[in-house]
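>>> A structural model of the following input is requested.
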Amino acid sequence: MENVLRTHKITKYFYDPEKFQVLKGIDLTVNRGEFLSLVGKSGCGKSTLMYILSTMDTDYEGELEISGQRLTGKSLNELAAFRNAHIGFVFQFHYLLPEFTALQNIMIPALKLARYSRAEVEARAYAKLEMLGIQDFARKPTNKLSGGQQQRVAIARALINDPDIIMGDEPTGNLDSYNTHMVFDIFAELTHRYKQTIIAVTHDDEFARKSDRIIEMSDGTIISN
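I've put the predicted structure just below:
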């Protein structure tokens, strides 16, 4: 299978209030089209690792490679451009612009990427809404949508640039059980039907169990994968 992400000996220290090693030589390989859950008790290092994998945190030792590109050592501007083109994000809170419509919110990363004309971006955004079954809400301000609908808009926004990886930080942490199942089903379809790679940090045991693979962390190391 094709590797989409690889790390070599990722090591991370915190220095406040004193030096503390939070990640201890993490080696991880993720295959294209894999739905992976990152689990472990609070403080185990999983969120810290996710920030490094997402290229948001550059203060670490070791190497990170995504889609064949070595990202360790690149400038912040280079990393920001890489993230917009290659990584989609779904967070616990959707971070949508409330006064913008669903369609406008989804279009923002693609307009920033400037790979397509505005008309093409709008057509692509509408296609993502259709894929997620919320095309009827395209022109509705996102503050008028339910929590589950808002999270589906956030997933569509993450998909707009056809990223190599979607990274989810507790993507169902703010949802009820019905919407949690709905988001999981969307992720499962994205991986199995569209070969989308998904890495999600989660405390939800059922969500993790149903994903393709569980990476369990404890005290800054991977203890099972």
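
>>> make it CA atoms for all contacts and neighbour counts henceforth
Noted.

>>> Do you have the strands of the chain handy? List them.
Secondary structure of the chain (DSSP state E): strands at 3-14, 20-31, 35-39, 61-66, 69-70, 87-91, 165-169, 197-201, 213-218, 221-224.

>>> so which of the ones you listed comes closest to residue 138?
strand 87-91 (18.8 Å; CA to CA).

>>> which secondary structure elements does that closest one contact?
Where contact means 3 or more CA pairs under 8 Å, 6 or more residues apart in numbering; DSSP states H and E, strand 87-91 is packed against helix 147-159, strand 165-169.

>>> how does it look with 6 Å?
strand 165-169 (3 or more CA pairs under 6 Å, 6 or more residues apart in numbering; DSSP states H and E).

>>> Paired strands for the strand it packs on, with orientation please.
strand 87-91 (parallel), strand 197-201 (parallel) (DSSP bridges).

>>> With respect to burial, which of these scores highest?
strand 197-201 (a mean of 26; mean count of other CA atoms under 10 Å).

>>> For that one, output the C-alpha coordinates as PDB.
Extracted in PDB, the C-alpha atoms of strand 197-201 (Å, rounded to 0.1, in the frame of the first residue of the first chain):
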ATOM      1  CA  THR A 197      -7.100   9.100   4.600                       C
ATOM      2  CA  ILE A 198      -8.400  10.200   8.000                       C
ATOM      3  CA  ILE A 199      -6.500  10.500  11.300                       C
ATOM      4  CA  ALA A 200      -8.700  11.300  14.300                       C
ATOM      5  CA  VAL A 201      -7.800  11.900  17.900                       C
END
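
>>> Strand 213-218 and that one, what's the angle between them?
Strand 197-201 runs at 30 degrees relative to strand 213-218, counting by axes from the mean of the first three to the mean of the last three CA atoms, to 10 degrees.
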